[in-house]
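1. Build me a structure from this.
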Amino acid sequence: MPELIPVQWKLPQGTAVNPITALEAEWTRLDLAAQVAGKQIAIGIGSRGVAEISTIARTLVRLVAASGGTPFIVPAMGSHGGATASGQIEVLDSLGVSEATMGCPIRATMETVVLGETARGIPVHFDKFAAEADGLIVANRVKIHTDFHGPHESGVVKMLGIGLGKERGATLLHNFGVVGLRDYMPEVTAVILQKINLIAGVATVEDGTHRPVHLQALPASELLAEEQKLLDLARSYAPRLPVADLDLLIVEEMGKEISGTGMDTNVIGRWRIAGEPEPESPRIRAIVVLNLTEASHGNAVGIGLADFTTRRLLDKINFDHFTTNTFTSGFLERGRLPLVFPSDETAIHAALTHLFRPNPQDRPHARIMRIRNTLDLGTVWVSPNLVDEIGD
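-> Numbers count the residues shown, from 1 in each chain. Below is the predicted model:
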């Protein structure tokens, strides 16, 4: 294996925003204080590793309370956390969102109410506690989705249609595969907006270094149209690998707080969805993933995106959480285990041996990159033959 060289390179960057002052300004701009006064307000928080999410959640709780409302938090994460209320509370706690840190109750349930049906006849499930509240605020990052591309991908619209649909609502949409997510999910959200008093959707956009560079509160009447604009902004900041062709990508860790699929499919160039063509770029012949983050709570969804892994990662998998989330998604190819090896060294060695079976003499010239994870790409380790391609 060639010696790897550390390279720092410039990812797309914007001007970081202070989430507290930005949220306070949006609260004033939309006069949200008047809309929450005297009301029970549910605040939906998801399971993704959204930058500054605990600060955003705590600020929302403070603003609602200061405006005369009574805030409480609901998990908005579909089937994550093993599709149990206690599991979803545990996921929130790992993100710094707990009753102790927020100063308000967290009301978690997998029970839903049916708000109605879409024009296609799809029942619209919605979190029972959120449905019973006088008003709802949800906070999420807008970004490119790891399963599909369309006018609405990952953001507030998806959190309403899938996250607060809990396991039942998420399963219904995932049963239709990519079509359910890309086409039917916004229709479900449109019904929710008619039935629920959405005070605002708090949307952030992050740059390539995982910093919030935009924060905007979207009223219900503007949510669908404005989120499309924010998605275009998010695309302009999306991180990527510095080269498009690799023999081997070594990923030190995968995890749910890194990406909904453990590893961002847009970064590694793999969908692994039956019937869907793979992305044209990047082109990576083999992927080794070495570890699973503690914040994943054993949920290794997306492990099937890799070809080789380690016993250490396998031993961390909570198969109840992993199986539930993978089965709910319907994308079973992503749940297939890669070949498991005793250590990092043996997994990497096996990958290189496999890649160069017919021409072992070329192995010293392998095009290799090692990254911490698919979110933290500012420093990468590369084989010498890639340095000139990366350039400045």
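2. Low-confidence stretches in the chain?
-> Across the chain, the ranges flagged by pLDDT under 70 are 392.
3. Could you export the longest strand that it contains as PDB, CA atoms only?
-> Scanning the chain for the strand with the most residues, using DSSP state E, yields strand 198-206. Output of strand 198-206 as PDB, limited to C-alpha atoms (Å, rounded to 0.1, in the frame of the first residue of the first chain):
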ATOM      1  CA  LEU A 198     -47.700  25.200  11.800                       C
ATOM      2  CA  ILE A 199     -46.400  28.400  13.400                       C
ATOM      3  CA  ALA A 200     -43.100  28.100  11.500                       C
ATOM      4  CA  GLY A 201     -40.500  25.800  10.100                       C
ATOM      5  CA  VAL A 202     -37.000  26.800  11.100                       C
ATOM      6  CA  ALA A 203     -34.700  25.900   8.300                       C
ATOM      7  CA  THR A 204     -30.900  26.100   8.300                       C
ATOM      8  CA  VAL A 205     -28.400  25.700   5.400                       C
ATOM      9  CA  GLU A 206     -24.900  24.500   6.200                       C
END
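4. Show me what it is packed up against.
-> helix 19-29, helix 32-36, helix 53-66, strand 135-141, helix 156-158, strand 212-218, helix 223-237 (3 or more C-beta pairs under 8 Å, 6 or more residues apart in numbering; DSSP states H and E). C-beta coordinates here come from the backbone N, C-alpha and C atoms, glycine included.
5. between that strand and helix 223-237, how many degrees?
-> 10 degrees (axes from the mean of the first three to the mean of the last three C-alpha atoms, to 10 degrees).
6. Quickly run through the sheet partners of strand 198-206, with directions.
-> strand 135-141 (parallel), strand 212-218 (antiparallel) (DSSP bridges).
7. Make TSV from those strands and add distance to Ile199 and mean neighbour count to it.
-> Output for the strands paired with strand 198-206, formatted as TSV (distance: least, C-beta to C-beta, whole Å; neighbours: other C-beta atoms under 10 Å):
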stretch	distance to Ile199	mean neighbour count
strand 135-141	5	26
strand 212-218	9	22
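8. Any idea which of the ones you listed gets closest to Val340?
-> strand 135-141 (32.4 Å; C-beta to C-beta).
9. what's the neighbour count on Thr204?
-> Residues lying near Thr204 (other C-beta atoms under 10 Å) number 28.
10. Quick check: it touching Val50?
-> Yes. Using C-beta atoms under 8 Å, Thr204 is in contact with Val50, at 6.7 Å.
11. Could you pull out the strands in the stretch 1-150 of the chain for me?
-> 5-8, 40-45, 70-75, 112-117, 123-127, 135-141 (DSSP state E, counting those that start in this stretch).
12. quick one on the thing from earlier: tell me which of the helices and strands packed on strand 198-206 sits most buried.
-> helix 156-158 (a mean of 29; mean count of other C-beta atoms under 10 Å).
13. got the contact list for that one?
-> 138-140, 142, 145, 152, 181, 185-186, 189, 201-203, 218, 223-224, 227 (C-beta atoms under 8 Å, 6 or more residues apart in numbering).
14. coming back round to it: can you put the strands paired with strand 198-206 in CSV and add distance to Ala108?
-> Putting these into CSV (distance: least, C-beta to C-beta, whole Å) gives the following:
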stretch, distance to Ala108
strand 135-141, 15
strand 212-218, 24
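15. just so I know, which of the ones you listed lies nearest Leu32?
-> Of those, nearest to Leu32 by C-beta to C-beta is strand 212-218, at 7.0 Å.
16. Please give the centre-to-centre distance between the closest one and its chain.
-> 17 Å (C-alpha atoms, centre = their mean, to the nearest Å).
17. What of stretch 383-392?
-> With C-alpha atoms, centre = their mean, you get 30 Å for stretch 383-392.
18. For it, list every residue counted as buried.
-> The neighbour-count check on stretch 383-392 (16 or more other C-beta atoms under 10 Å) flags Ser383, Leu386, Ile390 as buried.
19. Stretch 275-294 too?
-> Pro282, Ile284, Ala286, Ile287, Val288, Val289, Leu290, Asn291, Leu292, Thr293.
20. now do stretch 114-134
-> Buried, per 16+ other C-beta under 10 Å, within stretch 114-134: Leu115, Thr118, Ile122, Pro123, Val124, His125, Phe126, Asp127, Phe129, Ala130, Ala131, Ala133.
21. Sort out which one of those lies nearest Thr328 for me.
-> Among the buried residues of stretch 114-134, and counting by C-beta to C-beta, the member closest to Thr328 is His125, at 12.7 Å.
22. hang on, isn't the closest one packed against Arg168?
-> Yes. Assessed by C-beta under 8 Å, His125 is found in contact with Arg168 at 4.6 Å.
23. Which neighbours do the two have in common?
-> Thr112.
24. leaving aside the residues next to it on the chain, what's closest to His125?
-> Nearest residue to His125, sequence neighbours excluded (C-beta to C-beta, 6 or more residues apart in numbering): Gly169, at 3.5 Å.
25. Next, please give the residue ranges for the strands of the stretch 201-350 of the chain.
-> 212-218, 245-251, 283-289, 308-310, 339-341.
26. got a markdown table for the ones you listed, with distance to Val97 too?
-> Output for the strands of the stretch 201-350 of the chain, formatted as a markdown table (distance: least, C-beta to C-beta, whole Å):
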| stretch | distance to Val97 |
| --- | --- |
| strand 212-218 | 16 |
| strand 245-251 | 27 |
| strand 283-289 | 27 |
| strand 308-310 | 30 |
| strand 339-341 | 33 |
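27. now for the ones you listed, which one comes closest to Gly46?
-> Closest among the strands of the stretch 201-350 of the chain, using C-beta to C-beta: strand 212-218, at 15.1 Å.
28. and the direction of that closest one versus that of helix 53-66, what angle?
-> Using the same axes, to 10 degrees: strand 212-218 against helix 53-66 is 30 degrees.
29. neighbouring contacts of strand 212-218?
-> 13-17, 19, 22-23, 26-27, 29-30, 32, 51-52, 56, 141, 156, 200-207, 226-227, 230, 233, 237.
30. switch the cut-off to 6 Å
-> When contacts are defined by C-beta atoms under 6 Å, 6 or more residues apart in numbering, strand 212-218 is touched by residues 14, 16-17, 19, 22, 26, 30, 51-52, 200-207, 226.
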